[in-house]
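**Student:** quick one: sequence plus predicted model below, questions after.
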Amino acid sequence: MRPGNLVTPRLSQEARDRRKARQRATLALLAGGLALVACGPAAERTQPGFVEGFFGAVVADEPRAAEVGRDILAGGGTAADAAVAMYFALAATLPSAASLGAGGVCLAHSAQTRQTEAIVFPSAPAGPATDPRTAFDVATPTAVRGMTLLHVRHGQARWEALVAPGERLARDGASVSRALARDLQAGVSQVGLDPAARRIYEKGGGVAVGEGDPFPQRDLASTLAAIRAKGGVDFFQGQFARQLAGSVQSAGGGLTLQNLREAVASVVEPIQVPVGSHIAYFAPAPFAGATTQAAFAGQGGPGGGVYNGGEAGFVAVDRRANAVACMVGMGQLFGARKVAPGTGIMMAAPGGGSNALMGPMLISNRNTGDFFLAGTASGGPSAPAALGTAARQVMREGVSVPNALAATGGPQVGMVACIRGLREARTLCQLGMDPRSYGLALTAGR
């Protein structure tokens, strides 16, 4: 198989009709003031993992990832557990925006300590390509390091249980979602120029996989198996770290073991703004929290524009009012457009281009520890402002979540909001995804 442009099948009218039906159903539920109750069959009391009452809510830019997060919450996991599991699921189902090569930022709220912190793991530069003919310039991956730190500080579930769902999705070849099919239509021609990527994304005859096609990624499944068995630390300073650096170097890239060891994740103070008796938290620099904050305050543009891709967001809220809002990014759609041979990892583009496009936010009460709002927005330069505008409409202007999300254009915004607090009035909580997006919002309960 020789490198060359891949083409994608056009999205079917049947798929478009399914999407519209799902949007109508979601909006109908939300418009009535959705209580956070069960989605799907209720677990029986005798079943393993049954937990009485409300478990929480999740939002993700790709449906299978949201389902994984919902299942973690339904099994009694924390918001951080669900967020970690959603990331590893996204690495398998939406590698165009959230591969293991990504970097990003999370806001994590602890109801017990009543504190909210930012866990930052921005994409870091790797060494220059060792072979100019390959143009294998990549960023140092940091998202696995970020998820490891998030789990250490806020998780309770076993690490293996959080990585395993993503591993299964990669190994079993879960069908291509509409979210990935959209990104393939926009970026597959460049992906097809890399032999390792072409082996993953081509289904034959120069045609890329499309919506509904099986999408097995056996090398990625093996990588996730190693992360599951040996922990996240192995990814950036163990045996797998040496394998990844050697893989990139064999293809002409400059990623080194030292790059992986030095690209750390950190806990820092987020931007903080009073909202009545609550505090709104935004991602610190080099991320786009200041832009989200300005839009939340009514300054700057409302968002909008054309979807570009390259970033993904996910939110989790658990029954104890813990919450996590994360964004990860590749620098551009499909990142460097190159896969590290033998690992299945789509590498991120160098330069940190996604950092200025990722601005998750979270609102909580420092006195009570209660949760009020968490959201993310992805899709391009206007995404942070779109999130800030929607959050302002919900929290300050009394607009419902579905109406606020429907008013955004271009970026895909996901949000969970409890305007009177999750503990005080959980039946008034609402959640949703922008109706033009291909993500999913789900509740976990019975």
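**Tutor:** Ah, there it is.
**Student:** and the strands in the stretch 201-350 of the chain, which stretches?
**Tutor:** 202-204, 207-208, 266-268, 271-275, 278-282, 311-318, 323-329, 339-340, 345-346 (DSSP state E, counting those that start in this stretch).
**Student:** for those strands, which one sits closest to Glu160?
**Tutor:** Closest approach to Glu160 among those (C-beta to C-beta): strand 311-318, 18.8 Å. (Each C-beta comes from the backbone N, C-alpha and C, glycine too.)
**Student:** rewinding a little: can you add mean neighbour count and mean pLDDT and give the strands of the stretch 201-350 of the chain back as TSV?
**Tutor:** Shown next, in TSV, are the strands of the stretch 201-350 of the chain (neighbours: other C-beta atoms under 10 Å; pLDDT from 0 to 100):
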stretch	mean neighbour count	mean pLDDT
strand 202-204	14	88
strand 207-208	20	90
strand 266-268	13	97
strand 271-275	15	97
strand 278-282	24	98
strand 311-318	32	97
strand 323-329	33	98
strand 339-340	30	96
strand 345-346	30	98
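**Student:** nearest to Ser382, out of those?
**Tutor:** strand 311-318 (12.2 Å).
**Student:** other SSEs contacting that closest one?
**Tutor:** Judged by 3 or more C-beta pairs under 8 Å, 6 or more residues apart in numbering; DSSP states H and E, strand 311-318 is in contact with strand 56-60, helix 63-74, helix 79-93, helix 95-98, strand 323-329, strand 371-378, strand 412-417.
**Student:** averaged pLDDT, the last one. What do you get?
**Tutor:** The reference is to strand 412-417. Averaged over strand 412-417, pLDDT sits at 96.
**Student:** just the C-alphas of that strand, formatted as PDB.
**Tutor:** Coordinates of each C-alpha in strand 412-417 appear next as PDB, following Å, rounded to 0.1, in the frame of the first residue of the first chain:
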ATOM      1  CA  GLN A 412     -19.900  22.400  20.000                       C
ATOM      2  CA  VAL A 413     -20.700  23.300  23.600                       C
ATOM      3  CA  GLY A 414     -21.500  20.800  26.300                       C
ATOM      4  CA  MET A 415     -22.800  21.700  29.700                       C
ATOM      5  CA  VAL A 416     -24.200  20.400  33.000                       C
ATOM      6  CA  ALA A 417     -25.900  23.100  35.000                       C
END
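**Student:** just to revisit the earlier point, so which of the helices and strands packed on strand 311-318 gets nearest Ala225?
**Tutor:** The nearest among the helices and strands packed on strand 311-318, by C-beta to C-beta, is helix 79-93 at 11.3 Å.
**Student:** name the residues of the closest one that are buried.
**Tutor:** 79-93 (16 or more other C-beta atoms under 10 Å).
**Student:** do stretch 259-269 as well
**Tutor:** Within stretch 259-269, the residues scored as buried using 16+ other C-beta under 10 Å are 259-260, 263, 265.
**Student:** in contact with the residue lying closest to Leu387 once chain neighbours are set aside, which residues?
**Tutor:** Counting by C-beta to C-beta, 6 or more residues apart in numbering, Leu387 lies nearest to Ala377, which is 3.7 Å off, once chain neighbours are set aside. Counting by C-beta atoms under 8 Å, 6 or more residues apart in numbering, Ala377 makes contact with 292, 303, 313, 359, 383-384, 386-387, 390, 408, 411-414.
**Student:** ok, 10 Å please
**Tutor:** Contacts for Ala377 were tallied using C-beta atoms under 10 Å, 6 or more residues apart in numbering; they are 61, 288, 292, 295, 303, 311, 313, 327, 357-361, 383-391, 405, 408, 410-415, 434, 437.
**Student:** looking at the residues you listed, which are in helices?
**Tutor:** Using DSSP state H, the members of the contacts of Ala377 that fall within helices are 292, 295, 383-391, 405.
**Student:** now for Ala290, how many residues are close by?
**Tutor:** 18 (other C-beta atoms under 10 Å).
**Student:** ditto for Glu397
**Tutor:** 9.
**Student:** pLDDT score assigned to it?
**Tutor:** 95.
**Student:** contacting residues around it?
**Tutor:** 298, 404.
**Student:** from Ala391, how far off is it?
**Tutor:** Per C-beta to C-beta, to the nearest Å, Glu397 is found 10 Å from Ala391.
**Student:** any residues in contact with both of those two?
**Tutor:** Ala404.
**Student:** quick one: distance of stretch 325-342 to the chain centre.
**Tutor:** Computed by C-alpha atoms, centre = their mean, to the nearest Å, the chain-centroid distance of stretch 325-342 equals 12 Å.
**Student:** can you check the distance spanned by it, start to finish?
**Tutor:** End-to-end distance of stretch 325-342 (C-alpha to C-alpha, to the nearest Å): 32 Å.
**Student:** pretty sure Phe296 contacts Ala386?
**Tutor:** No. Counting by C-beta atoms under 10 Å, Phe296 sits too far from Ala386 to count as a contact (11.1 Å).
**Student:** please identify which of these two sits among more neighbours.
**Tutor:** Higher neighbour count among Phe296 and Ala386: Ala386, with 32 against 27, using other C-beta under 10 Å.
**Student:** which pLDDT value belongs to that one?
**Tutor:** 93.
**Student:** again with Asn259
**Tutor:** 94.
**Student:** residues contacting it?
**Tutor:** Taking C-beta under 10 Å, 6+ apart as the contact definition, Asn259 lies against 124-127, 138-141, 236, 241, 244-245, 248.
**Student:** quick revisit: out of the strands of the stretch 201-350 of the chain, flag the one nearest Ala186.
**Tutor:** Closest among the strands of the stretch 201-350 of the chain, using C-beta to C-beta: strand 207-208, at 11.5 Å.
**Student:** chain center to that closest one, what's the gap?
**Tutor:** That offset, for strand 207-208, works out to 25 Å (C-alpha atoms, centre = their mean).
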